[in-house]
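Peer 1: can you look at this prediction? I've put the sequence above it.
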Amino acid sequence: MTGQKPIAIFAEDVPPRVRRSLYPEPFASLMAGREKRPLGDAFGLVNFGVNLTRLAPGARSALRHSHAEQDEFVYILSGEASLVTDQGETRLCAGMCAGFPAGDGDAHHLLNRTDADVVYLEIGDRAPGDTVIYPDDDLQARLDAAGQWQFLHKDGRPY
């Protein structure tokens, strides 16, 4: 899949990301069991991202977080995930979806509390100047002008 962009592909043919997480340690290790295939990147999409994500039993989608500028959407293809938000926990099964508007402050993530894989699509825009709050962890993130995530402690010190 190098060179010319494809017209259409099988999603499973997109190689998974080599780096499991952009988080600094000790948070990156918490993403064990998560596999993301960047489908949008395969087509050269720049305004939004689409990932085919697989969570092994016991894995999580991310640290619980909320975006200031980025909308997010997930659609469960197979398996059963626990969506954890500020309102509590909601079971999501195949065919269900959830959306997270930018700036609403409702921190969220998915957990796989089952013995089978969860497979889902995650879609998010790539809004410049986005910031991310992680209420349960000493972490915050900022998307810089070059489109790279900068990770900081809550007091502003860089990781």
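Peer 2: Nice, thanks for sending it over. It should be emphasised that the depicted structure is a prediction, and the values quoted were computed from it without experimental measurement. Numbering: from 1, shown residues only.
Peer 1: for the rest of this, base every contact and every neighbour count on C-alpha atoms.
Peer 2: Noted.
Peer 1: distance of residue 96 from residue 123?
Peer 2: Taking Cα to Cα, to the nearest Å as the measure, residue 96 and residue 123 are separated by 14 Å.
Peer 1: which of those two has more residues huddled nearby?
Peer 2: Taking neighbours as other Cα atoms under 10 Å, residue 96 and residue 123 compare with residue 123 leading, 19 against 14.
Peer 1: counting neighbours, what do you get for the closest residue to residue 61 other than its chain neighbours?
Peer 2: If you skip the residues right next to it in sequence, residue 61 has residue 110 as its closest partner in space, 5.1 Å away by Cα to Cα, 6 or more residues apart in numbering. Under the neighbour criterion other Cα under 10 Å, residue 110 is assigned a count of 24.
Peer 1: confirm residue 110 sits in a helix?
Peer 2: No: Residue 110: not assigned to a helix; according to DSSP: H, G, I helix; E, B strand; the rest coil it is strand.
Peer 1: now do the same contact list for it.
Peer 2: Residue 110 is in contact with 60, 61, 62, 81, 82, 83, 84, counting by Cα atoms under 8 Å, 6 or more residues apart in numbering.
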